[in-house]
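>>> based on what follows, work out the 3D shape:
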Amino acid sequence: MKKLMLGTALLAMTASFASAQDVVRMGTEGAYPPYNFINDNGEVDGFERELGDELCARAELTCEWVTNEWDSIIPNLVSGNYDTIIAGMSITAERDEVIDFTQDYYPPTESSYAAIDTGADLKGGVIAAQTGTIQAGYVAETGATLLEFATPDETVAAVKNGEADAVFADKDFLAPIVAESDLEWVGEGVPLGGGIGLGLRESDAELKTKFDAAITSMKEDGTLNTMLQKWFGEEIGTY
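Reported below is the predicted structural model:
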């Protein structure tokens, strides 16, 4: 679903994940509800917080949560600032050249446009998208003028204040905003990405195996589907 890797290729760390490691640091953005956000108590919350805690429990890992801005989330994983990315990150071939991914824990879904004016020009107008996302990459290839922002909230604000004709983002992110504001759906949905997975350093094969096994178990016993429907509604795609 979301997000295209920025910048040039990065060198992977050579140190592998050690099974004796005491704490696995779960890196997230904390700014993309309902996937992840910071609640009123200043804590990481949302679908990915609940999912991550369950995965760590099933993998018998002790985990702690770390937040990082989106535009540096891959470089700081590679640099060792945390051990996973669990932040609505779509699995793409370009990212997979730099980091590794678990199997998907969120099935492929649509990205959508939202605007105040239902006649917004999606091909020749100004379209807002978050920097470093697969949505930004898509807009850049459509012929529209891409207006990038560091956070998803800023992309929505750009439409509301007239800076942009429309915003292009994950439909599941935009859905509650459209329901509660004067924004409306415009145009057709666009399927992007190969689902969402945990990002890990290429060297952490053992950690990937642990998380893959935990995700598989959640798919097999229905827990993951229940969690998806809790956070995204009954119409969400399931496994």
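>>> what is P191 paired to in the beta sheet?
Going by DSSP bridges, P191 is paired in beta bridges with E110.
>>> so it sits right up against S90, yeah?
No: counting by C-beta atoms under 8 Å, P191 does not reach S90; the two are 10.8 Å apart. From N, CA and C alone the C-beta is placed, and that goes for glycine too.
>>> which one of these two is surrounded by more residues?
Per other C-beta atoms under 10 Å, whichever of P191 and S90 has more neighbours is S90, with 25 against 10.
>>> pull out the buried positions in stretch 187-194.
V190, L192, G193, G194 (16 or more other C-beta atoms under 10 Å).
>>> reformat the residues you listed as TSV; add distance to Q130 and pLDDT.
What follows is these, written out as TSV (distance: C-beta to C-beta, whole Å; pLDDT from 0 to 100):
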residue	distance to Q130	pLDDT
V190	15	95
L192	13	92
G193	14	86
G194	19	91
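>>> from start to finish, how long is stretch 77-89 in a straight line?
13 Å (C-alpha to C-alpha, to the nearest Å).
>>> got it, and stretch 146-156?
End-to-end distance for stretch 146-156: 14 Å, by C-alpha to C-alpha.
>>> ditto for stretch 217-236
Stretch 217-236 has its terminal residues 20 Å apart, counting by C-alpha to C-alpha.
>>> quick one: that stretch to chain centroid distance?
Offset of stretch 217-236 from its chain centre (C-alpha atoms, centre = their mean, to the nearest Å): 17 Å.
>>> just stretch 81-90 next, same as before
Computed by C-alpha atoms, centre = their mean, the chain-centroid distance of stretch 81-90 equals 8 Å.
>>> average model confidence for that stretch?
The predicted model assigns stretch 81-90 a mean pLDDT of 97.
>>> just the buried positions in it, please.
Across stretch 81-90, burial judged by 16+ other C-beta under 10 Å covers Y82, D83, T84, I85, I86, A87, G88, M89, S90.
>>> start to end distance for it?
Length of stretch 81-90, first residue to last, C-alpha to C-alpha: 21 Å.
>>> likewise for stretch 97-116?
Terminal residues of stretch 97-116 lie 38 Å apart, using C-alpha to C-alpha.
>>> which positions within it qualify as buried?
Residues 98-102, 104-106, 109, 111-115 are the ones in stretch 97-116 that count as buried (16+ other C-beta under 10 Å).
>>> where are the low-confidence patches of this protein?
By pLDDT under 70, the low-scoring segments of the chain are 1-21.
>>> all the helices of it, in order from the start?
For the chain, the helices defined by DSSP state H cover 47-58, 73-78, 93-96, 134-140, 152-160, 171-180, 205-220, 223-232.
>>> out of the ones you listed, which one sits most buried?
For the helices of the chain, average neighbour numbers computed from mean count of other C-beta atoms under 10 Å are highest in helix 134-140, which has a mean of 23.
>>> show me what that helix is packed against.
Applying 3 or more C-beta pairs under 8 Å, 6 or more residues apart in numbering; DSSP states H and E, we find helix 134-140 packed against strand 109-115, strand 126-130, strand 145-149, strand 166-170, strand 184-192.
>>> could you give the angle of the fourth one to strand 126-130?
Put plainly, it is strand 166-170. 30 degrees (axes from the mean of the first three to the mean of the last three C-alpha atoms, to 10 degrees).
>>> please apply the same query to the third one.
Strand 145-149 and strand 126-130 meet at an angle of 30 degrees, taking the same axes, to 10 degrees as the criterion.
>>> what residues of strand 145-149 count as buried?
Across strand 145-149, burial judged by 16+ other C-beta under 10 Å covers L146, L147, E148, F149.
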